[in-house]
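Visitor: Sequence and predicted model, in that order:
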Amino acid sequence: MRSIEPVPTPPTSTRGRSFAKRESDIADGLLSWNILFAGLAVIGFANGMSHRAMAALRDDPGQALLLTFDVSAIVWVALIAAVGFLLRPPRRSASKRDGLVAILAIAVFLAPAPQLSWLALSGLGLYVATTSQPGAFHRSAGWILLAVTVPMFWSRVVFSLMSDAILRFDAMLVSLVLGTGRVGNTISFADGWGYFWVAPACSSIANVSLALLCWVLITQMLGTGRTANFRFCLMAACAVIVINVGRLSLIGISRDHFELIHGPVGSLITGWVTVAVIFAICLYGATSGAKHAARSSY
């Protein structure tokens, strides 16, 4: 019986190993899909909020840091989650189409109009969500990134188109609570001393958009987007309106404490209470839907 001797494997040159390692580094390193789109998300967000951050620092640096540059904590958490999900495995090599999308996004980022960055981020989020595998972390990152642009840009667009109706709606609710008269978006103080008016910064729409962002963030992080009941998102939006109307009503009742309620202290307390209520309602809605689906499967 003839024995089969093993064929010796030709030695691989050091140059060949080095070239293969460089190719692997390109696929998994700086030019990987993961790092490319995570970097674009960070750059786009920083560019989009640059004018807001500079204005806050110019007015009062200490207050700007305390109020997180007038950007809600929900937005910051959502950005961190989106970037973290983009960097999660599997590692992907950037295709030519990915490179073209990145070039277009960078071109928009370089435009002398920071607000355009939110348009580019919206497009990036939608692109990532629709080109990633269903159920993957990358798809969740895309939806979260798209949702981030709602309170940072799209709610402002809606407000600019419907500002008069939105402010009148807030003023109507406050006047109903106080039982006083109103003219447009101006409301009479409860003691009849005079009037105060609902400014654009005091509108409920910005915090309503935060409720939507928080809902997307929690459902995508928990993977319960299909089982969660959307009515809890609507409940969170209604709770936000109640909190905002309550604060404005306190201003109407306590005219002597106007500066305290309307100033930095009142804004800080109201902001964190709003965040806590939104998070609690959305978390309960996202988890209760999953538990109900699990019980139904038995």
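Guide: It's in. Numbers count the residues shown, from 1 in each chain.
Visitor: can you give me the helices for the protein?
Guide: For the chain, helices defined by DSSP state H occupy the ranges 14-28, 33-48, 50-59, 61-66, 73-86, 96-109, 116-131, 137-149, 155-178, 205-222, 231-253, 258-262, 264-297.
Visitor: Tell me what angle the last one forms with helix 73-86.
Guide: If I follow you right, that is helix 264-297. With axes from the mean of the first three to the mean of the last three C-alpha atoms, to 10 degrees applied, the angle from helix 264-297 to helix 73-86 works out at 50 degrees.
Visitor: Including distance to Phe189 and mean pLDDT, could the helices of the chain go into a markdown table?
Guide: All C-beta atoms are positioned from the backbone trio N, CA, C, and that covers glycine. Converted to a markdown table, those look like this (distance: least, C-beta to C-beta, whole Å; pLDDT from 0 to 100):
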| stretch | distance to Phe189 | mean pLDDT |
| --- | --- | --- |
| helix 14-28 | 64 | 42 |
| helix 33-48 | 38 | 96 |
| helix 50-59 | 28 | 79 |
| helix 61-66 | 27 | 72 |
| helix 73-86 | 32 | 96 |
| helix 96-109 | 46 | 95 |
| helix 116-131 | 38 | 96 |
| helix 137-149 | 38 | 97 |
| helix 155-178 | 8 | 93 |
| helix 205-222 | 24 | 94 |
| helix 231-253 | 6 | 94 |
| helix 258-262 | 9 | 83 |
| helix 264-297 | 17 | 81 |
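Visitor: Quick one, which of those helices gets closest to Val198.
Guide: Nearest of those to Val198, taken as C-beta to C-beta: helix 155-178 at 4.9 Å.
Visitor: That closest one packs against which elements?
Guide: Packing contacts for helix 155-178, counted by 3 or more C-beta pairs under 8 Å, 6 or more residues apart in numbering; DSSP states H and E, involve strand 182-183, strand 186-188, helix 205-222, helix 231-253.
Visitor: Which residues does it contact?
Guide: 181-182, 184-188, 190, 197-198, 200, 202-206, 208-209, 241, 244-246, 248-249, 252-253 (C-beta atoms under 8 Å, 6 or more residues apart in numbering).
Visitor: Which positions in stretch 221-238 come out as buried?
Guide: Buried residues in stretch 221-238, counted by 16 or more other C-beta atoms under 10 Å: Met221, Leu222, Thr224, Gly225, Thr227, Ala228, Phe232, Cys233, Leu234, Met235, Ala236, Ala237.
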